[in-house]
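1. Sharing a model prediction with you, sequence too.
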Amino acid sequence: MTPSRIPSQNPSQADFREAMAHLPAAVNILTTDGPNGRCGITVSAVCSVTDDPPTVLVCVNRGSAMHDVFRANGRVCVNVLGGEQQDLALHFAGATKVSMAERFTWDIWDPTQEVPVLKDALVTATGTITHTVPMGTHSVLFATIDRIRTRADGQSLVYFNRAFHRLGRSGPGSAEPDPAPAAATIRR
């Protein structure tokens, strides 16, 4: 076991980022479509807020070209990625040369929805942005959810220690988790 670092009373930005790299998080693609355009980004800062009314929060960097598109369109979908969807996470994180327009031509989207909804996501939660709170470099978008779809099988894609990993289901009837973590990493 590696010894812990001495706690800092005034952590630096680097200390904070290092600490947050050790906070496992589900990997999601946040999508929107509307008068201001269609776009999507990979996000890990997603959290349930309350179930009455069903509400989630999503943190989006205000420096992102898509930040204002999400806010202006007002409708979003949180697509929770399965373990096999690491490539999508990389595309929507901007880690590949695939254009935004091309990403939405793939036959992975449910064409019956008003915003892009991944057909094979573990969970899709579609809703309306009701509040936006600026905080440092990001905005916290609160979305009231009006449509949810959950997949009954599959592993979850999580981001931990600056790398993707697959998290298996447990319990009766569950598949064995993939023992090998996904290999790609994104440096932030």
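-> Received it, and whenever you're ready, just let me know what you need.
2. going forward, measure contacts between C-alpha atoms and count neighbours the same way
-> Noted.
3. Centroid-nearest residue for this protein?
-> Per CA atoms, centre = their mean, the C-alpha nearest to the average position across the chain is that of Asn28, at 2.3 Å.
4. check contacts around that one.
-> If you count contacts by CA atoms under 8 Å, 6 or more residues apart in numbering, Asn28 has them with Thr42, Val43, Ser44, Val46, Val78, Asn79, Val80, Leu81, Ala89.
5. For Arg166, see how far away Val27 is.
-> Val27 sits 10 Å away from Arg166, taking CA to CA, to the nearest Å as the criterion.
6. which neighbours do these two share?
-> In contact with both Val27 and Arg166: Leu157, Val158, using CA under 8 Å, 6+ apart.
7. okay, these two: which has more neighbours?
-> More neighbours sit around Val27 than around the other of Val27 and Arg166, counting by other CA atoms under 10 Å; the figures are 26 against 23.
8. Quick check: the gap between the more buried one and Pro35.
-> Looking at Val27 against Pro35, where the rule is CA to CA, the gap reads 27 Å.
9. do the same with Gly63
-> In this structure, Gly63 and Pro35 are 21 Å apart, going by CA to CA.
10. So for the two, which residue has more residues nearby?
-> Shown here are Gly63 and Pro35; by other CA under 10 Å, Gly63 has more neighbours (11 against 8).
11. what's that one sitting at in phi/psi?
-> Backbone dihedrals for Gly63, given as degrees, to the nearest 10, come out at phi -80, psi -10.
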